[in-house]
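Student: What shape does this take:
(3 chains)
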Amino acid sequence: MGILDSKIPSGPLANKWTKHKNDINLVNPANKRNIDIIVVGTGLAGGAAAATLAELGYNVKTFCYQDSPRRAHSIAAQGGINAAKNYQGDGDSNYRLFYDTIKGGDYRSREGNVYRLAEVSGNIIDQCVAQGVPFAREYGGMLDNRSFGGVLVSRTFYAKGQTGQQLLLGAYAAMNRQINRGKIQAFNRHEMMDLVLVDGKARGIIARDLVSGEIERHSAHAVVLATGGYGNVFFLSTNAMGSNVMAAWRAHRKGAFFANPCFTQIHPTCIPVSGDHQSKLTLMSESLRNDGRIWVPKKKEDAIAIREGKLKPTELSEEDRDYYLERRYPAFGNLVPRDVASRAAKERCDAGFGVNKTGEAVFLDFASAIERYGKEKALTSGLKNPDKATITKLGEEVVEAKYGNLFQMYEKIVDQNPYKTPMMIYPAVHYTMGGLWVDYNLQTTIPGCYSAGEANFSDHGANRLGASALMQGLADGYFVLPYTIGDYLSDDIRTGAIPTDTKEFEEAEQQVRDRMEKLTSGSGIHSVDYYHKKLGKIMWNKCGMARNEKELKEAIEEISALRKDFWENVKVPGSIDSKNQELEKAGRVADFLELGELFAKDALHRNESCGGHFREEYQTEEGEALRDDKNFKYVAAWEYKGEPKDAALHKEDLVYENIELKTRSYK
Amino acid sequence: MKLYLKIWRQKDASAPGKIVDYTLDGVEGDMSFLEMLDILNEDLISKGEEPVEFDHDCREGICGTCSLQINGEPHGPDRLVTTCQLHMRKFNDGDTIVIEPFRAKAFPVIKDLIVDRSAFDRIQQAGGYISVNTSGNTIDANTIPINKYDADEAMDAATCIGCGACVAACKNASAMLFTSAKVSQFALLPQGQVEATERVQNMVRQMDLEGFGNCTNTGACEVECPKGISLTNIARMNREYLAATCKG
Amino acid sequence: MSLIKSSLARKYVMALSGLFLVTFLILHVTINLASVFSPDFFNEASHFMGYNPIVQFLMQPILIAGVIIHFVMGFVLEIQNKKARDVSYVKYKGSANAPWVSRNMIYSGLVILAFLALHFYDFWVHEMAYKYVEANPEDPTRYYHETVEKFEPIWRTVLYVVSFVLLGLHLWHGFASSFQSMGANNKYTEGFKKFAKIFAVVVPLAFAFIAIYHHLNPITH
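Tutor: A predicted model of the protein is given here:
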């Protein structure tokens, strides 16, 4: 057991959560009124947790850097949310969802947590429908489902291509109800600058009002961090511009262990980078791979001609195309899991077959889907011997009905018509499975500091399946944390309000001020973005889709040097006591510069390939990931020791009692 | 391409603001409008000037953070896009572009191009929810079938991103499209019926308190809405409110 | 009155008073058309309207109240709407997203108000003076020639026609818009709106036709 006690309840898998709920301490309603909880981050996990805790009677303060909780980046999730409802009668069950998630995560997540996730997944759908979330329905009025990659059932609930938005607005509405009741105080345009510990317990935060620049002290009996992932350490990612690791990293520096930082999901279907000016990447939903076929030219000279604009992709005959996913993975074809599809695209582009200006893109082609749907439609419309133009027209209509909004988005960004010419796509950083280490109660290694949603490391192992992020965020927020936190808070019913005029708050505030002063007093050579872009380049080139020992070691050195340069030479105009977006960015990038190094260190130590973590030294002859269960079947939780390079490793061994470990194969 | 920018600069809420001229070279058609501003800011920072502050976050058209009145239109000349999705290929070399914050009494300027849209939050807090507690035992999601047509229409209303373009476009700075989208979503769903009367009354009351203007049915909001929210939602809210008022 | 405090209620008042005035226009245009086709019927109808106590002492005050409410509420809304944007745009491209008529109801309305002043002076003030101040005896045949004589001067005819054009523009937006304000939204709404647009063209056109017709066909003494 040692220092990392996961606190997984004993007993059979299916009874663990019920048993745990029965065993833990509760706080009576009258006492809840005397207990304050801070929730940082108002996305699916934070918003849901804040609303539910307030419903229970706790006094909740929420913090978000956005101007409204409704803008948290959960809103950008497109595809859907998984739940083991078995509405389609296709044999789905909690166990199957549990099994798929563990397997999809390449056997690097906890059985107990994942089973609980599957268990409450159905409740999430019930709750959201009751809140008025307009999920897609069938003509009979029942909820509709989609299927997603890596599974054999249809269990994904969706609201057009905006499922994340609708779920977030549901949580936001639940929050609004509590704000209206006075049970939630919402601090928007506020950023958490540090965590405050009193007697080793999390007792508050230092926050900065981003409008006035004022530094504020906020106390509470417990602090929940639901601040999302750290994909922006790569500079270019599908995350929002403001997504950052600051809250989690500040907690890490105060004693919370950071788990599996190198587990990052690179999503295969994003719009490629168009130039140096690019500020972020846009995702094209995974659902496109249901109908789109991925290919590059077979001959290098064709690829070069396409890159130079001398040849159009539509002019290339079938024999001259390499549908490499169908070639390499005949069983799953274009629908292999995300990590596999991403690596395969990189492999082709590295070999010189990339198809855009920079040589970093592959085609996602809908021509055969358009033809297939067109013929089908012609047949059902009773058209005899339709000509090719009619078939194409009908087919395009079907494709538009299915993916119209995505095609429109693509056309706006790339200025090409994806109905007429294949889309160009390339992998991009999308989600981070790693995060703050938490136990079964979602408590970090700091007592009273909890973490929920993407910010924690818990449920997705080394790779996340599509439509599971929304499920986890809401499960944590609505159904797990509000129960488990009571167990901790039951000791606090006599504590009374936590004063903020103590030396702990004073010191923390002073540290925050000093740090900002230091940021604004750099010699002023380069902008914050200059450093962020440089860090992103190092991360992408050396800690990206394929990693090796040599480059990871280089990355550690380079990031460390870049961090030093940053603190000496960054240029942050404006003052610390007013609205200052450059200062906000600087604080976030400063933390990314530390996290990036730990990321590389974690990737270097994990001498195996699993899920999103691919080490070139550890692959099969066919270039597939080679997992090492004997030596690495554990969670790597890092303890802060001053510099990232000195971080101490703690291992939480993963125990599989209900699932047999197998090699993932999609051939 | 080379652009002549006229940008509203204002130090803080109380300071007077003014239009400042900038010339920006090397803009490419593939850049988004915000990436063009990023370049301007890099340029300003390197010259030791304070960058232009503007709201933005997801940069993929869904969070609703970005705003900007561009050449007299919210989110610029393109349709069904937010500013972050507007690309510079919509402009020509030598163009002059006027960039201002969204203007409404209920949206006070915070700094430069950033406005305070918390009035929208308060409208939602007044009733934009269904009062249901979180528990593991709400009724099964399929207990109440919902007509697909209604569900789809509720979804169309629910796609509002709360950016405020409707207010910015409206000659009266009216928030009717925003408010009606939420009222409509719940009016179309059985779950929303229980609180329908109070909801529409409370939300309209808050909308009026915030100082938004009245709707004169010009339809500008619908045209400029990046999510294509329909005017029929306003009609539905008018009807809901009338019914609620008659009920008392 | 608490109803009027809400922005939506003010819109209902605007829509209902507008719709009421529209029904009055139907009556008005019908009687006026008679002046072209049947002067006798025109005289009869005008005399009835002028001396029937229900019309005079119930309908007429209601009509005047309707006009006043519509105008006063229009001004109230306009002032509030102006206040809702306290700092105006340096560049505002209203034409990009809304038709001119919908954005300038206050101006078409003001022109119509000015026209009403002239119109009242021309006919209503004259009637009041004739009936109540000078206490002239009833004369059921005077209306036709009094009306036609009014349109002898070209300036008045032009002013009337211009006002009818503005009335048409006002109706073009206002009539259809009143359905929206009242929350009409069913399968008939589109039909109603089309009817409203046709109405907005045909009725002012008929008024203008009458004015021009009488100007071109003066009564020769």
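Student: Give me the neighbour count for the residue in the stretch 201-350 of chain A that chain C sits nearest to.
Tutor: When scored by Cβ to the nearest Cβ, the stretch 201-350 of chain A has residue A:211 as its residue closest to chain C, at 18.7 Å. Using the backbone N, CA and C atoms, a C-beta is placed for each residue, glycine as well. Close neighbours of residue A:211, defined as other Cβ atoms under 10 Å in any protein chain shown, add up to 18.
Student: What of residue A:662?
Tutor: So residue A:662, with other Cβ under 10 Å, has 10 neighbours.
Student: ok, now residue A:236?
Tutor: 21.
Student: Quick check: it is in a helix.
Tutor: No - counting by DSSP: H, G, I helix; E, B strand; the rest coil, residue A:236 is located in no helix; its state is coil.
Student: Surely it is in contact with residue A:276?
Tutor: No - in this structure, residue A:236 is not within contact of residue A:276 by Cβ atoms under 8 Å, at 10.7 Å.
Student: From residue B:123, how far off is the residue of the stretch 201-350 of chain A closest to chain C?
Tutor: Per Cβ to Cβ, to the nearest Å, residue A:211 is found 20 Å from residue B:123.
Student: and what of residue A:600?
Tutor: Residue A:600 sits 47 Å away from residue B:123, going by Cβ to Cβ.
Student: For residue B:181, which non-adjacent residue is closest in space?
Tutor: residue B:160 (4.1 Å; Cβ to Cβ, 6 or more residues apart in numbering or on different chains).
Student: Could you pull up the contacting residues of the one you found?
Tutor: B:177-178, B:181-182, B:225, B:227, B:229 (Cβ atoms under 8 Å, 6 or more residues apart in numbering or on different chains).
Student: Now, these that are in helices?
Tutor: The helices in this structure, assigned by DSSP state H, contain B:177-178, B:181-182 from the contacts of residue B:160.
Student: Output the contacting helices and strands for whichever strand or helix holds residue B:236.
Tutor: Using DSSP states H and E, residue B:236 sits within helix B:232-247. Helices and strands touching helix B:232-247, by 3 or more Cβ pairs under 8 Å, 6 or more residues apart in numbering or on different chains; DSSP states H and E, are helix B:176-187, helix B:196-209, helix C:7-37, helix C:154-181.
Student: Show me what the helix or strand immediately after the third one in the chain is in contact with.
Tutor: The one in question is helix C:7-37. Sequence-wise, the next helix or strand beyond helix C:7-37 is helix C:39-51, with elements assigned using DSSP H and E. Residues external to helix C:39-51 that are found in contact with it (Cβ under 8 Å, 6+ apart): C:31-32, C:34-35, C:55-56, C:127, C:131, C:138, C:140-144, C:147.
Student: Rounded mean pLDDT for helix C:39-51, please.
Tutor: Averaged over helix C:39-51, pLDDT sits at 94.
Student: just the helices and strands packed on helix B:232-247: most buried one?
Tutor: Compared across the helices and strands packed on helix B:232-247, helix B:176-187 shows the largest average neighbour count, a mean of 28 (mean count of other Cβ atoms under 10 Å in any protein chain shown).
Student: circling back: and the contacts of residue B:160, which two are furthest apart?
Tutor: The span of the contacts of residue B:160, defined through Cβ to Cβ, is set by B:182 and B:225 at 13.9 Å.
Student: Compare the helices and strands packed on helix B:232-247 and give me the one nearest residue A:337.
Tutor: helix B:176-187 (34.9 Å).
Student: quick one, what contacts the residue found closest to residue C:189 once you drop the neighbours it is linked to in the chain?
Tutor: In space, and not counting its chain neighbours, residue C:189 is closest to residue C:179: 6.0 Å by Cβ to Cβ, 6+ apart. Listed by Cβ under 8 Å, 6+ apart, the contact set of residue C:179 reads B:235, C:15, C:189, C:192-193, C:196.
Student: How much space separates the residue of chain B at minimum distance from chain A from residue B:189?
Tutor: Nearest to chain A, among the residues of chain B, is residue B:145, at 2.8 Å (Cβ to the nearest Cβ). Counting by Cβ to Cβ, the gap from residue B:145 to residue B:189 is 12 Å.
Student: Tell me which of these two has more neighbours.
Tutor: Just comparing residue B:145 and residue B:189: by other Cβ under 10 Å the higher neighbour count belongs to residue B:189, 24 against 14.
Student: Wait, that one touches residue B:152, no?
Tutor: No - Residue B:189 is not in contact with residue B:152 according to Cβ under 8 Å; the separation is 11.5 Å.
Student: Which neighbours do these two have in common?
Tutor: Joint contacts of residue B:189 and residue B:152 (Cβ under 8 Å, 6+ apart) are residue A:134.
Student: which stretches of the chain have low pLDDT?
Tutor: The chain I'm using is chain A. Scanning chain A for pLDDT under 70 picks out the ranges A:1-2.
Student: try again with chain C
Tutor: Filtered on pLDDT under 70, chain C yields the residue ranges C:1-3, C:221.
Student: residue farthest from the centroid of it?
Tutor: Distance from the C-alpha centroid of chain C, by Cα atoms, centre = their mean, peaks at residue C:90 (35.3 Å).
Student: returning to that earlier point: now the residue nearest to residue B:181, what's its secondary structure?
Tutor: Three-state assignment for residue B:160 (three-state DSSP): coil.
Student: mind pulling up the phi and psi values for it?
Tutor: When quoted as degrees, to the nearest 10, the phi and psi of residue B:160 stand at phi -50, psi 130.
Student: What residues are bridge-paired with the residue nearest in space to the middle of chain A?
Tutor: Centroid-nearest residue in chain A, with Cα atoms, centre = their mean: residue A:431, separated by 3.0 Å. Taking DSSP bridges as the rule, residue A:431 bridges to residue A:265.
Student: tell me the contacts of it?
Tutor: Going by Cβ under 8 Å, 6+ apart, residue A:431 touches A:229, A:231, A:264-265, A:267, A:454, A:464, A:469.
Student: pretty sure residue C:163 contacts residue C:113?
Tutor: No - between residue C:163 and residue C:113 there is no contact under Cβ under 8 Å: 10.0 Å.
Student: Let me see the contact set for the residue of the stretch 201-350 of chain A closest to chain C.
Tutor: A:189, A:579, B:110-111.
Student: Kindly report the same for residue B:130.
Tutor: Applying Cβ under 8 Å, 6+ apart, we find residue B:130 in contact with A:130-132, A:173, B:186, B:191-192, B:194-195.
Student: Please apply the same query to residue B:135.
Tutor: Residue B:135 sits next to residue A:127 when contact means Cβ under 8 Å, 6+ apart.
Student: Residue B:87 too?
Tutor: Contacts here follow Cβ under 8 Å, 6+ apart; on that basis residue B:87 touches A:412-413, A:415, B:29-33, B:78.
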